[in-house]
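Colleague: quick one, fold the following:
(chains A and B, ligands or ions: 3)
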Amino acid sequence: MIVCDFDVLRPEQGVAALLPDGSQVAVFLTAEGSLHALDNIDPFSGAAVLSRGIVGDRGGVPVVVSPVYKQAFELATGKCLEEPSVSVAVHQVRVRDGVVELT
Amino acid sequence: MTSLSSRTLVVIGNGMVGHRLVEILRDSSWRIVVFGEESRPAYDRVALSSYVDSWDSADLELPALSGCELRLGEKAVSVDRDRKVVVGASGVEISYDALVLATGSVPFVPPVPGRDLPGCHVYRTIDDLDEIRATVEAASRPGRRSGMVLGGGLLGLEAANALRGMGVSPHVVELAPRLMPIQVDDGGAALLKRLVEKLDLTVHTGTSASSIERDGTRLIAKLASGLELDLDVVVFSAGIRPRTDLDLGLELGPRGGYLVDAACRTSDPHVFAIGECAAVEGVTYGLVAPGYSMAEVVADQISGGARAFPGADVSTKLKLLGVDVASFGDAHAATEGALEVVVNNAVAGTYSKLVVSDDARILLGGVLVGDASSYLSLRPLVGKEVPAALLQPGGAVDVEMPADAQVCSCLAVTKQTITDAIQSGVACDVAELKACTKAGTGCGSCVPMLKKLLTECGVEQSKALCEHFTYSRAELFEIIRATRVTTFSALVEKHGTGRGCDICKPAVASILASLGNGHILGEAQVSLQDTNDKFLANLQRNGTYSVVPRIPGGEITPEKLIVIGEVARDYGLYTKITGGQRIDLFGATVDQLPEIWRRLVDAGFESGHAYGKSLRTVKSCVGTTWCRYGVQDSVGLAIELELRYRGLRSPHKLKSAVSGCARECAEARGKDFGVIATENGWNLYVGGNGGFTPRHADLLVSDVDTEELIRIIDRFLMFYIRTADRLQRTSVWLEGLDGGLDHLREVVVDDKLGICAELETAMESHVSDYADEWRGVLEDPEKLARFTSFVNAPGVPDPSISFRAERGQRVPVSLGIPEVVR
Ligand SMILES: Cc1cc2nc3c(=O)[nH]c(=O)nc-3n(C[C@H](O)[C@H](O)[C@H](O)COP(=O)(O)OP(=O)(O)OC[C@H]3O[C@@H](n4cnc5c(N)ncnc54)[C@H](O)[C@@H]3O)c2cc1C
Ligand code: SF4
Ligand code: FES
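Modeller: Ligands and ions are numbered 1, 2, ... in the order given. From the prediction side, this is the model:
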């Protein structure tokens, strides 16, 4: 599924995409240029807001921090650093012909 | 014999101490059943008075208990000790292997005729406070209401303060000849009385109420002294009695309370009592710390241990109505031959008394009023040799504590234990000290001492902002100012490590904004902003935002009010008046924000910065324009100040207010900077705060004209912005400032550091560069484009957001927490 043109992404700023089934995915580009996609719903608040979190790192590991109650989620694995038993689903994402796609 | 895993412990009473016991036994093999008469989960009764700040009981809640059966709202009505069964009010019967009584106390209400009249209350539970509030709100008297607190002890003064917070002027009536007769001596109490009377309390000592009568909507109290008080509300706070209405046929202590031995066990080996309802070897305690240590004892005992109650320190330190009071050890010099060393400084408003043994060698106790900063170093010295310097007039109290002195009296931890943990490298900060020594995990009053010991042992308390910068916020501010860096990337590359995080990014964004650098959503800054700043609106629990247009000084034309109403109606926004005299519109989605703001900006509104760490509002009363008492134009000044400082980014939010006379209707002393009109000009108060830890602002300058006032506020704000820590309000900043208020005055009034011109220039450039952030977004298509829910479906609203109706408005549907992948 097509998300957007790659040019639209800005490093360390998430965007959200709506899937045909009504669910939502947050897509992030890190400063190093790698792409990640996670479920957009923050499991702690239930609000669809992870794409609006601040992107940065914890001990060198890229994370997004939920804007609601500030838990950090690893971009690569979706794992919550504060509560390792909680994680958000990871989606496969790639760039083809300058277009970002979820596979 | 019952097998280990099926043993049942029944706890009667879900107060602070009962809660603590269950928490300690959380991971034990006991099955735990708790009867709690109050309908809400256990809460922090010690902090009960702070309930009047928010009226939100969630602020007081103790950590939720898990793994036990909580029967809330169910009183235990009887116990059959032969069958070992507790019967609840619902008729339920629970068998126990061990029973713990933790029923607390009941307030003592002296037999004054009329004490049961409506409008008479006690002060013990959240429900009591709700009822007091209902009485106060129902009182029909215009203006300030009047109340009486019977009892001038610690709790009475707290109750009086709470009444003040509800707009009631309290009379405090105390039978003893002085306030706080248990803790404080005559000299200290005289000063205390003087200090609290400045705060609108009327103190009547050496008398009591002889009757209370109802007269229409009023209560009339007659005092034994002959005085008659015309009142709206009465609060009894004349002491407490251990609660033993649940009769188990057990022996009681000489002053009430279930009699227990040092193991907290009653004469029935299966029944224990802890907290305020227990008389440990005959002695009852009205403080939470001894109760907590009883909980530790019982937890140990029923797990097969042999711990005994170590006795308790009934020292107290508190800040009542902004006045420090501390008493410790033998405060009343009751020990045979004890000597007193008193320093009474009427000018400074401080009183200190040390009680020493007859040979002046051993410290026995003391009383401090007005300034209790030496309490933490003195308390552990009780029973130890007094350093001679202490007994000199004005003697320094910063003395070395002996190694065996108890630092944490709740958990009986000595200085030695703590320094060992630090020096062996086991603990490097307060959290680790708490984990390995348990010090500081009771009442928490010893935590500052733990910090001090860490420093004394050479452990540097890190000021680093976060893992990405070793600098404090103030140091980063100076680096950014001096090097003129304008991007986070450049800064972190040169002066930090990694890619930053949710702590340092917004902090740096705020510093960049304080120093100019254009729109906060500019290309280089947008990814640093917290979601509130990123969307120039406040994120709410369901992912929607709220919108607050600026209404300077709270003054608004009917036309503008109508526009707000129309916008709210057209977008179905929940509408509420804020405490800062403006209007908050809730429930806007990201996509709606620009449309909403287009209409608001067209009608002449601009951003209210409710989302930013920046100036919120300058509240005002109507002042000379309308008020019969006003002496200056408070609205005019409030608007001038709000327009001057709007948009100023700072370490935390800034609030302000202007009152038109000393009656202070705008509550300026609860603000970061507050102005109160005088006959001759203005008084400026700084460092006030409401919220979690309320603090009255301190008077910085008095009787200045408007020009001078603004010059000093300019300097004050810029000095704060440069030197405060991240998220540090002016109140905490001022308290932590070396040299305190005097130093602040030297810097911003007397210009001792020679930086005032620079601070003023910085503020001038803020004022001249100000531009409305929302207008900036509406005029820039690139910024506007970010206000969409989905990149692949611009304009489609977020389907996960839904609303329901409550009292005729839309509110969020609470979100079912989606399944998380584990
Ligand atoms: C305004 C205020 C300020 C205070 N300030 C301080 C302070 O600064 N420092 C300090 O150390 N202490 C302070 N205290 C005292 C402190 O709150 C108490 O020492 C502490 O709460 C005692 O805990 P407890 O569990 O023994 O009793 P409580 O907290 O009173 O709990 C007892 C509970 O048992 C319930 N109960 C009673 N009988 C039954 C029954 N038959 N069945 C079921 N449930 C029952 C009661 O409803 C109550 O909820 C203050 C108290 C008040 C009211
Ligand atoms: S503070 Fe003074 S001037 Fe302002 S409304 Fe109150 S009484 Fe009137
Ligand atoms: S003195 Fe109460 S926790 Fe240390």
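Colleague: got the domain ranges for chain B?
Modeller: The domain map for chain B lists B:4-106+B:242-302, B:120-238, B:401-461, B:473-529, B:535-607+B:795-822, with the assignment taken from automatic domain parsing.
Colleague: near chain A at all, the third one?
Modeller: Which is domain B:401-461. No - Domain B:401-461 is not in contact with chain A by CB under 8 Å from any CB of the partner chain; minimum separation 14.9 Å. C-beta: built from backbone N, CA, C; applies to glycine.
Colleague: between the domains of chain B, which one is closest to B:F716.
Modeller: When those are compared by CB to CB, domain B:473-529 sits nearest B:F716, at 14.3 Å.
Colleague: what about the closest one, start to end distance?
Modeller: Domain B:473-529 has an end-to-end distance of 16 Å (criterion: CA to CA, to the nearest Å).
Colleague: what about it, distance to the chain center?
Modeller: 31 Å (CA atoms, centre = their mean, to the nearest Å).
Colleague: quick one: A:D39 and A:S23 touch, right?
Modeller: Yes - assessed by CB atoms under 8 Å, A:D39 is found in contact with A:S23 at 7.5 Å.
Colleague: those two: which has the busier surroundings?
Modeller: Taking neighbours as other CB atoms under 10 Å in any protein chain shown, A:D39 and A:S23 compare with A:D39 leading, 22 against 17.
Colleague: strands of chain A, start to end?
Modeller: For chain A, applying DSSP state E gives strands covering A:2-5, A:15-18, A:24-29, A:35-39, A:54-58, A:61-65, A:72-74, A:90-91, A:93-96, A:99-102.
Colleague: residues of the fifth one that come out buried?
Modeller: Within strand A:54-58, the residues that count as buried by 16 or more other CB atoms under 10 Å in any protein chain shown are A:I54, A:V55, A:G56, A:D57, A:R58.
Colleague: for chain B, tell me whether that strand is touching it.
Modeller: Yes - Strand A:54-58 lies within reach of chain B by CB under 8 Å from any CB, at A:I54, A:V55, A:G56, A:D57, A:R58.
Colleague: residues making contact with that strand?
Modeller: A:12-14, A:28, A:30, A:62-65, A:67, A:72, A:75, A:81, B:467-468, B:498-502, B:504-506, B:527-530 (CB atoms under 8 Å, 6 or more residues apart in numbering or on different chains).
Colleague: quick one: mean pLDDT over that strand.
Modeller: Throughout strand A:54-58, pLDDT has a mean value of 93.
Colleague: need phi/psi at the nearest residue to B:V234 once chain neighbours are set aside.
Modeller: Closest residue in space to B:V234, ignoring its immediate chain neighbours: B:C120 at 4.5 Å, by CB to CB, 6 or more residues apart in numbering or on different chains. Here is the backbone geometry of B:C120 (degrees, to the nearest 10): phi -100, psi 130.
Colleague: how close does B:C120 sit to ligand 3?
Modeller: Distance, B:C120 to ligand 3, using CB to the nearest ligand atom, to the nearest Å: 34 Å.
Colleague: look up how far B:E69 lies from that residue.
Modeller: Computed with CB to CB, to the nearest Å, the distance linking B:C120 and B:E69 is 37 Å.
Colleague: so which of the two has more stuff around it?
Modeller: Of the pair B:C120 and B:E69, B:C120 is the one with more neighbours under other CB under 10 Å, namely 23 against 13.
Colleague: which of the buried residues of strand A:54-58 lies closest to B:E197?
Modeller: Here the nearest of the buried residues of strand A:54-58 to B:E197, counting by CB to CB, is A:I54; it sits at 50.3 Å.
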